[in-house]
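*Asks:* coordinates only, no sequence provided:
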């Protein structure tokens, strides 16, 4: 049987959340031939057995048990090797689908022969809009990000950000935990450079042509690096405000691992793709930016997550 869409879900110690994600796919997907490939990254919370039991009455679900935690890129590459669909959907386990989001997304992607990467709108559990992508790094964009220039009112609007965020979002909001504004990634911006890996559709032929995820990146920034290579082949990245899905993970501000790994992997991205003369500048900018965040958020504000994360990020920047 022809399969339109292969849905690849990574599972790592998130048994209940993963089962909720899988149930939402089955419940809300109609008129589409699909398969679900779950790669369990050596969970120790009983996830594998629970997913296998779930699959007994649902033949469209396949479980791959990994003997080790492969990380995001390697795990998704493993799932993609088993995929039979013409299109691949890389879907986080902490997402929930509503309505017929997959069919609507599939109808859009097959209408765009130049499509390399696609994502729909992500919502927090309270239905507020979540940042869903951004633009490829350049030195000016890096400076704006690390020195909070793209956070400033009026001035920030002049920059195209690596990480688009809430409209009118300013530095003091972050410090004093003021209520964030609502709109992210302009609705007219249908072609961001990269989209968040929580929901990312890629034609299988494009994924194979580009060689899949870079397996040297364990987690964080891997979707941006993949989109960069795809766009260099001449394909486009698409973002649409409809349909939308729930992404639970984006509701939190950022973990210790996410904050520090982003610095590490952005430096790797620069080393791999950008002119060699830029790397010392990039490392210096990250060092100063990480030091500022360590002092402001880790010491003055007293946030232990920031303190630990940017202490490690400082070492990555040396």
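*Replies:* Yep, it's here. These numbers were taken from a predicted model, which means no experiment stands behind them. Numbering: from 1, shown residues only.
*Asks:* my guess is residue 116 is in a helix, correct?
*Replies:* No: looking at residue 116 with DSSP: H, G, I helix; E, B strand; the rest coil, it is strand, so not inside a helix.
*Asks:* that one contacts residue 202, correct?
*Replies:* Yes: using Cβ atoms under 8 Å, residue 116 is in contact with residue 202, at 6.8 Å. Yep, even glycine has a C-beta here, placed from its N, CA and C like the rest.
*Asks:* common neighbours of these two, please.
*Replies:* By Cβ atoms under 8 Å, 6 or more residues apart in numbering, residue 116 and residue 202 have these common neighbours: residue 230.
*Asks:* burial count for residue 131?
*Replies:* Close neighbours of residue 131, defined as other Cβ atoms under 10 Å, add up to 16.
*Asks:* break the protein down into its domains, please.
*Replies:* For the chain, the structural domains run 5-130+188-251, 139-183+253-317, going by automatic domain parsing.
*Asks:* can I get these in TSV including mean neighbour count and mean pLDDT?
*Replies:* As requested, these are exported to TSV (neighbours: other Cβ atoms under 10 Å; pLDDT from 0 to 100):
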stretch	mean neighbour count	mean pLDDT
domain 5-130+188-251	19	93
domain 139-183+253-317	16	82
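*Asks:* excluding its backbone neighbours, what's nearest residue 160?
*Replies:* residue 135 (5.1 Å; Cβ to Cβ, 6 or more residues apart in numbering).
*Asks:* err, residue 309, not the other one
*Replies:* residue 259 (3.6 Å).
*Asks:* surely that neighbour meets residue 307?
*Replies:* No: if you go by Cβ under 8 Å, residue 259 and residue 307 don't touch, sitting 10.5 Å apart.
*Asks:* need the three-state assignment for the closest residue to residue 255 other than its chain neighbours.
*Replies:* Excluding its sequence neighbours, the residue lying closest to residue 255 (Cβ to Cβ, 6+ apart) is residue 305, at 6.9 Å. Using three-state DSSP, the structure places residue 305 in helix.
*Asks:* would you mind measuring from residue 305 to residue 38?
*Replies:* Going from residue 305 to residue 38 by Cβ to Cβ, to the nearest Å gives 30 Å.
*Asks:* hey, where'd the helices end up in the stretch 1-150 of the chain?
*Replies:* 15-28, 47-56, 71-82, 101-109, 139-146 (DSSP state H, counting those that start in this stretch).
*Asks:* indicate which one of these is closest to residue 152.
*Replies:* Closest approach to residue 152 among the helices of the stretch 1-150 of the chain is made by helix 139-146 (9.3 Å; Cβ to Cβ).
*Asks:* packing partners of that closest one?
*Replies:* helix 279-293 (3 or more Cβ pairs under 8 Å, 6 or more residues apart in numbering; DSSP states H and E).
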